[in-house]
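Trainee: sequence and predicted model, in that order:
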Amino acid sequence: MIKPLRPLLAFVLIAAGPSADDQATSVVRALLQQDIAVATIGYRMATANVDLCVEHMVDSGMLIETLGQYGAAFRPAAREVLGLRDGPTVALVVAGSPAERAGLKPGDVLVDADGAPFAVAPPASVDGRFAGVEAAMTALDTALADGKARLTIERDGQRLTVDLIGIAACKARFQLVPGDYADAVANGTWVQLSTRMAGFAKTPDELAAILAHELAHNALGHRKAEAKVQRLHELQADRLMPYLMARAGFDPGAAVMLWRRFQAQRLGGLFPSATHPPWSDRVRAVEIERARIADLVSRGGAIAPPDDLNSQ
């Protein structure tokens, strides 16, 4: 499981060329663009496929972060680019989401939800601490459990009240994790991928394929299992992936292209062979379901997976 941290300590700032501050700002801006892509695609798929998921949540469409998640060298950039503070702060708002409709903006500091204060985050002097952010996420989820929450926020030194009305979604917190390793995982609550894994995607549809595969694990209620069972789970997730994509408006053909590229580049070592089938088997599984989706669409039918992939 990828740890949900963002210390950014893996990035080395070099003395030559742009200043360290400029380099840090460039890194944070690049991460923000990837964060927006991951959050936007994840939101679309999670809200479009509620009926296919075992567990649900009420989504707000915003990403919460704190300065304490970032290493000291990147903290000034995170403050400038994202508007982050020590307290739980809105880092981004997905376009068209409940958070945007409620008027929330990046840089808003969350004070309380329905009168219950958000936990105080660890001081920014401590690198890579995520407990405060996770507590804030849990508090927001709890407040939104009935579909709505009244938030107190701090913006430009003033406190404001915001009424947030959420939307039903598959249970999944989508998160990009900086790292020079290729990985993407799901555990029933999180859907995470590394920046290197996200970098393999050349289009939004290909990024959607990676996220949809992991969301499929959550949708089907998959948990850690012995190798033989996990190989079956991977094929099941590959088969459900095209449906999650198509229902959210993404092209399932991108999944075929991406999986074939993994196969051609001999990225079998990307995952342990004991737990993941060969890429050829995975490509074939996706192609079969993609063809079935095309047939359903041509006949004007609903994009629904076969019964053996129905979690309900």
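Mentor: Great, that's in hand.
Trainee: identify the residues contacting residue 21.
Mentor: Contacts for residue 21 were tallied using Cβ atoms under 8 Å, 6 or more residues apart in numbering; they are 76, 77. Using the backbone N, CA and C atoms, a C-beta is placed for each residue, glycine as well.
Trainee: quick one: it is in a helix?
Mentor: Yes. If the criterion is DSSP: H, G, I helix; E, B strand; the rest coil, then residue 21 is within a helix.
Trainee: how close does it sit to residue 65?
Mentor: The gap separating residue 21 from residue 65 is 20 Å, by Cβ to Cβ, to the nearest Å.
Trainee: and if you look at residue 261?
Mentor: When Cβ to Cβ is the yardstick, residue 261 and residue 65 sit 32 Å from each other.
Trainee: tell me which of those two has more neighbours.
Mentor: A direct count of neighbours by other Cβ atoms under 10 Å for residue 261 and residue 65 places residue 65 higher, at 25 against 15.
Trainee: and stretch 178-189, which residues are buried?
Mentor: Using 16 or more other Cβ atoms under 10 Å as the test for burial, stretch 178-189 gives 178, 179, 182, 184, 186, 187, 189.
Trainee: surely the third one is in contact with residue 195?
Mentor: Put plainly, it is residue 182. No. Contact criterion Cβ atoms under 8 Å: residue 182 and residue 195 do not qualify, at 9.7 Å.
Trainee: where do the contact lists of the two overlap?
Mentor: Counting by Cβ under 8 Å, 6+ apart, nothing touches both residue 182 and residue 195.
Trainee: which regions of the protein sit below the pLDDT cut-off?
Mentor: Within the chain, the ranges that satisfy pLDDT under 70 run 1-18, 120-129, 266-272, 311-312.
Trainee: do a quick rundown of the strands in this structure.
Mentor: Secondary structure of the chain by DSSP state E: the strands cover 56-59, 62-65, 89-93, 109-113, 116-117, 148-155, 158-165, 167-170, 173-177, 184-186, 190-194.
Trainee: dump those into JSON lines; add distance to residue 37 as well.
Mentor: Formatted as JSON lines, the strands of the chain follow (distance: least, Cβ to Cβ, whole Å):
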{"stretch": "strand 56-59", "distance to residue 37": "17"}
{"stretch": "strand 62-65", "distance to residue 37": "12"}
{"stretch": "strand 89-93", "distance to residue 37": "10"}
{"stretch": "strand 109-113", "distance to residue 37": "23"}
{"stretch": "strand 116-117", "distance to residue 37": "32"}
{"stretch": "strand 148-155", "distance to residue 37": "25"}
{"stretch": "strand 158-165", "distance to residue 37": "23"}
{"stretch": "strand 167-170", "distance to residue 37": "18"}
{"stretch": "strand 173-177", "distance to residue 37": "8"}
{"stretch": "strand 184-186", "distance to residue 37": "14"}
{"stretch": "strand 190-194", "distance to residue 37": "11"}
